[in-house]
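Chemist: could you look at this predicted model? Sequence included:
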Amino acid sequence: MLHFPKWKIVTVLVVALAGLIWSSPNLFPRETTDQMPGWLQPVSLGLDLQGGSYLLLEVDTGYVVREHLSSLVESLRTLLRKERARYADLGVAGKDAVKVRLLEPADRERLRADLRKLDPDAGVEVGDDGTFWFRYTEQALNKRINAAVDQSIEIVRRRVDELGTREPSIQRQGADRIVVQLPGVKDPDRIKALLGKTAKLTFHLVDDSTTPEEAARGRIPPGSMLLPATESERGMPAQVVVRKRVEVGGDLLTDSQATFQDGRPVVSFRFSAAGGKKFGDTTRENVAKQLAIVLDEKVISAPRINEPILGGSGIISGSFTIKEAQDLALLLRAGALPAPLQVLEERTVGPDLGADSIRAGAIACIIGLILVVVFMVVIYGTLGVLADVALVLNLVLLLGLLSMLGATLTLPGIAGIVLTMGMAVDANVLIYERIREELRGGRTILSAVQAGFDRAFSTILDANLTTLAAAALLFQFGTGPIRGFAITLSLGLISSMFTAIMVTRLMVALWIKWRRPKALPL
């Protein structure tokens, strides 16, 4: 018992020093911690402690399905035109199907295999009149909806990160909802404006076979559509007829930046290698034609192609303000949402409420710490003092772990810290009570202390593993604050096991070796 290996002593000292270093930034004002290195930062405060904005967003799943069906319609149109097949009644039928009627019986047999391969997820049915029905099962549609929601979460995260918001929380809720928590953001209007834009950028050729006025009267050529135009370009009509076929998609962009051209704010963009080649081919094959730049189904501009653009980059010009150009560049860099987002709920948590929560949590921690310290000293005397020292070190280690892992502290997290204080001395109580029983059984002090630590170990391990299992389940199936509580509780249990088994044992061994007591103050 009195002999403590050097490696254990070094381990205790190193861990204690590391805990002090990583927890030290929490002692300084948060304004000064920004100058510290990234690996040495204080614990981030959650929305309920720091204040900020809470948004509940809903993905328009109907738009996802409609877009997928429309894409299948365009694929069918392209295939049938390529094969020179005569067809009619091509379009979306209902909420989950697309239909097309082939007029020539020979085409029905010739293209049957190609049509079935067009989309493996769509079941194909052929009517007696030569109508091909492409129907999607509910499972296939749910697969695409889930993919769209996951993609929306990633795009939202990119957009929020581009704004420099610190420690945002972005999580999925249910089948089609996203919870966005932005600590420190007091005015969510700009966030809502950025998250509410789909930012779907596409390039289409302008259909010059008709005029917008004729298209507005219903004379829209097949394969074209009438889109409204913004006021970005002077002299551009209020509506523009463009081809439905997307020549180049915004998903091939690699970068976009707000810049200036002739003293006006513009947005420069650059394609990937594949996108640059596709953009170059499009401009080379359509010299003297207009190429419409469409953002969220609105034509931003429709410049004429004077010569092939082979560099893989270009400029989006218009009557932008500097902020509008910066926001558009941000949206294009982050990528387009697969579907529009609707704000269902919005809350702003003021900093005063967060300060009250911090104050109440601090008071609870202090009261709990005082009660535990007094109890241990009254019941176990000097050994209780050693347990209290280990308790303080446990809190330092817990704070250091939270800071090192970049965890976000919420009000339930503070509750986890308060609970950890009580559980931290629980191991010491088990050890000391076991030592007391061994002394009553007639053992010597050294033998009783040795037996107390050894025999209490299995009980401590079992109890903490059981609690860790419960915390793991809370983290797995919980959301938001529940996860924060589970993380704090788990880290507190790990640090309390270390302080009870290693630190308290070391201090008790050193105290016995130094004082050589004839009786333990139990």
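Modeler: Structure received. Numbers count the residues shown, from 1 in each chain.

Chemist: tell me which stretches of the stretch 151-300 of the chain form strands.
Modeler: Per DSSP state E, counting those that start in this stretch, the stretch 151-300 of the chain carries strands over the ranges 169-173, 177-183, 201-205, 224-228, 239-243, 248-249, 253-261, 264-271, 291-295, 298-301.

Chemist: any idea of the pLDDT on the residue most central in space within the chain?
Modeler: Closest residue to the average C-alpha location of the chain: Ile170 at 4.2 Å, with Cα atoms, centre = their mean. At Ile170, the model reports a pLDDT of 85.

Chemist: picking that back up, now the strands of the stretch 151-300 of the chain as a markdown table including distance to Thr282?
Modeler: Heads up, the C-betas are built off the backbone N, CA and C, glycines and all. Converted to a markdown table, the strands of the stretch 151-300 of the chain look like this (distance: least, Cβ to Cβ, whole Å):
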| stretch | distance to Thr282 |
| --- | --- |
| strand 169-173 | 36 |
| strand 177-183 | 35 |
| strand 201-205 | 7 |
| strand 224-228 | 17 |
| strand 239-243 | 11 |
| strand 248-249 | 6 |
| strand 253-261 | 15 |
| strand 264-271 | 11 |
| strand 291-295 | 7 |
| strand 298-301 | 16 |
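
Chemist: outline the domain layout of the protein.
Modeler: 6-50+351-515, 61-136, 197-347 (automatic domain parsing).

Chemist: closest one to Asp161 among these?
Modeler: Distances from Asp161 to each of the domains of the chain were compared using Cβ to Cβ; the shortest belongs to domain 197-347, at 8.3 Å.

Chemist: measure the residue nearest to the centre of the chain to Thr61 for me?
Modeler: Using Cβ to Cβ, to the nearest Å, one obtains 18 Å as the distance from Ile170 to Thr61.

Chemist: and if you look at Ala387?
Modeler: From Ala387 to Thr61 the distance is 56 Å (Cβ to Cβ).

Chemist: and those two? which has more neighbours close in?
Modeler: Looking at Ala387 and Thr61 with other Cβ atoms under 10 Å, you find the greater number of neighbours at Ala387, namely 29 against 18.

Chemist: which strand or helix spans the nearest residue in space to Leu439 that is not next to it in sequence?
Modeler: With sequence-adjacent residues excluded and distances taken as Cβ to Cβ, 6 or more residues apart in numbering, Leu439 is closest to Ala448, at 4.7 Å. Following DSSP states H and E, one finds Ala448 within helix 445-477.

Chemist: who's Ala88 bridged to?
Modeler: The bridge-partner assignment for Ala88, based on DSSP bridges, gives Arg101.

Chemist: got the contact list for it?
Modeler: Ala88 sits next to Val100, Arg101, Leu103 when contact means Cβ atoms under 8 Å, 6 or more residues apart in numbering.

Chemist: how far does the helix or strand bottoming out on mean pLDDT in the chain sit from the chain's center?
Modeler: Within the chain, judged by mean pLDDT, DSSP states H and E, the helix or strand with the poorest mean is helix 47-50; its value is a mean of 75. Relative to the chain's own centre, helix 47-50 is displaced by 18 Å; criterion: Cα atoms, centre = their mean, to the nearest Å.

Chemist: was I right to think Leu337 contacts Ile155?
Modeler: Yes - the pair Leu337 and Ile155 qualifies as a contact (Cβ atoms under 8 Å) at a distance of 5.2 Å.

Chemist: quick one: which of those two has more around it?
Modeler: In this comparison of Leu337 against Ile155, neighbours counted by other Cβ under 10 Å, the higher total goes to Leu337 at 25 against 20.

Chemist: where does that one sit: helix, strand or coil?
Modeler: Following DSSP: H, G, I helix; E, B strand; the rest coil, Leu337 is assigned to coil.
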